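Engineer: Predicted model and sequence below, questions to follow.
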Protein chains: 2
Amino acid sequence: MSLEQFGDRWSLLVVRDLMVRGYRTFKEFQESGEGIATNILADRLRRLEAAGILLREIEENDGRRTNYRLTEKGIDLAPVLLELLIWGARHEPSGASCAMIDEMEKNRTWILAEARRRWRERDSTPLIPRFDAQAARGLTRRKAD
Amino acid sequence: MSLEQFGDRWSLLVVRDLMVRGYRTFKEFQESGEGIATNILADRLRRLEAAGILLREIEENDGRRTNYRLTEKGIDLAPVLLELLIWGARHEPSGASCAMIDEMEKNRTWILAEARRRWRERDSTPLIPRFDAQAARGLTRRKAD
DNA sequence: GGCGCTGACTTGCAAACTGCAAGCGATATT
DNA sequence: AATATCGCTTGCAGTTTGCAAGTCAGCGCC
């Protein structure tokens, strides 16, 4: 059913933000600029959790905050997302340069390894920060463009 | 926007059927067993065409039939679909064996080359027929299972 | 050339889903 | 004790979907 899981406008975006941008909290997703409604966000987080793609942990020193994290199943989506990113960069007018695409393609293995490393070590700095601003836009619904 | 394009339940399924199963006509999609409504199917085909992912050609010897075909942009989605297929096979209870997953991963390059070849030569026999019955199920909404 | 059939769609309408604004309850913070 | 923050839930209007039915332009045949 894999496709079923992502057959809506927001689920993959949430996974991407978790993986590529290092988002952790409800608020971060909410303010990510794509304008997801809070009820829908809550629902999608619930479903992704139910599907075993992410899990929630309450932060130790602040009981209000919930931290969302990918599971292993979730991080295994990295290749899918990367290929989609590459596809988007190549075919959409996202301002991605050829050089950047080449680089992403060459560095596929490295990027994936890095994604997994960050996930394992709970390092939530955005993956590929250099690419993030431009490249992630290729995966983004633009609101104010 | 790449994600935007597939932020619905059916678009990616259509692309998959076009690429992996070799579907060509409206009727084939309609009867593919996933139960897409005809109005929605018409709409999705229109959008995918507008997005430059597929194109329609009227069949020479039968003016009733429209043949849908991926464009180059469309066939470039093959890596995405393949990764998703692998992910689904690994993590969903789709009956995929470990051996099969291994094989898919090892043959990644070959499978992609083969997809492109079939597309170029308008060879519409299903891609990876051996895997199709089992593996494609991993990408499928199951209705009567 | 009229007749039924097929394939690719529309159309109409009820039901489901979504977006927005507002509100709520449980922690922090001061 | 008062106020703010965070992660939701609720209500409701508007949009999208699913289903059944109907339309319409080719065929294929007598």
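Structural biologist: Done, it's in. None of the values given here were measured: they were computed from a predicted structure.

Engineer: and A:Leu55, what does it touch?
Structural biologist: A:Glu49, A:Tyr68, A:Arg69, A:Thr71 (C-beta atoms under 8 Å, 6 or more residues apart in numbering or on different chains). Heads up, the C-betas are built off the backbone N, CA and C, glycines and all.

Engineer: if I look at the closest residue to DNA strand C within chain A, how far off is A:Glu57?
Structural biologist: Per C-beta to the nearest atom of the strand, A:Gly63 is where chain A lies closest to DNA strand C, at 2.7 Å. Distance of A:Gly63 to A:Glu57, computed by C-beta to C-beta, to the nearest Å: 12 Å.

Engineer: The residue of chain A closest to DNA strand C: neighbour count?
Structural biologist: 8 (other C-beta atoms under 10 Å in any protein chain shown).

Engineer: Also A:Ala50?
Structural biologist: Neighbour tally, A:Ala50, other C-beta under 10 Å: 10.

Engineer: One more: A:Leu82?
Structural biologist: A:Leu82: 24 neighbours (other C-beta under 10 Å).

Engineer: which SSE is it in?
Structural biologist: Applying DSSP states H and E as the criterion places A:Leu82 in helix A:78-91.

Engineer: is chain B contacted by that helix?
Structural biologist: Yes: using C-beta under 8 Å from any C-beta of the partner chain, helix A:78-91 reaches chain B at A:Pro79, A:Val80, A:Glu83, A:Leu84, A:Leu85, A:Ile86, A:Trp87, A:Gly88, A:Arg90, A:His91.

Engineer: Convert that helix to PDB, retaining C-alpha atoms only.
Structural biologist: C-alpha atoms of helix A:78-91 as PDB (Å, rounded to 0.1, in the frame of the first residue of the first chain):
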ATOM      1  CA  ALA A  78      15.300   8.700   2.300                       C
ATOM      2  CA  PRO A  79      16.100   7.200  -1.100                       C
ATOM      3  CA  VAL A  80      12.600   7.900  -2.300                       C
ATOM      4  CA  LEU A  81      12.700  11.500  -1.200                       C
ATOM      5  CA  LEU A  82      16.100  12.000  -2.700                       C
ATOM      6  CA  GLU A  83      15.100  10.700  -6.000                       C
ATOM      7  CA  LEU A  84      12.000  12.900  -5.900                       C
ATOM      8  CA  LEU A  85      14.100  15.900  -5.100                       C
ATOM      9  CA  ILE A  86      16.400  15.100  -7.900                       C
ATOM     10  CA  TRP A  87      13.500  14.700 -10.300                       C
ATOM     11  CA  GLY A  88      12.000  17.900  -9.100                       C
ATOM     12  CA  ALA A  89      15.200  19.800  -9.500                       C
ATOM     13  CA  ARG A  90      15.700  18.500 -13.000                       C
ATOM     14  CA  HIS A  91      12.200  19.100 -14.300                       C
END
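
Engineer: Please, which helix or strand holds the residue positioned nearest the centre of chain A?
Structural biologist: By C-alpha atoms, centre = their mean, chain A has its centre lying nearest to A:Arg16, at 1.3 Å. For A:Arg16, the host element (DSSP H and E) is helix A:11-16.

Engineer: what's the weakest-modelled helix or strand in chain A?
Structural biologist: helix A:129-135 (a mean of 49; mean pLDDT, DSSP states H and E).

Engineer: ok, which stretches of chain A are helices?
Structural biologist: A:2-5, A:11-16, A:26-30, A:38-50, A:72-75, A:78-91, A:98-106, A:108-120, A:129-135 (DSSP state H).

Engineer: Rebuild those helices as CSV, extending it with distance to B:Leu45.
Structural biologist: Below are the helices of chain A laid out as CSV (distance: least, C-beta to C-beta, whole Å):
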stretch, distance to B:Leu45
helix A:2-5, 17
helix A:11-16, 22
helix A:26-30, 32
helix A:38-50, 27
helix A:72-75, 32
helix A:78-91, 19
helix A:98-106, 28
helix A:108-120, 32
helix A:129-135, 29
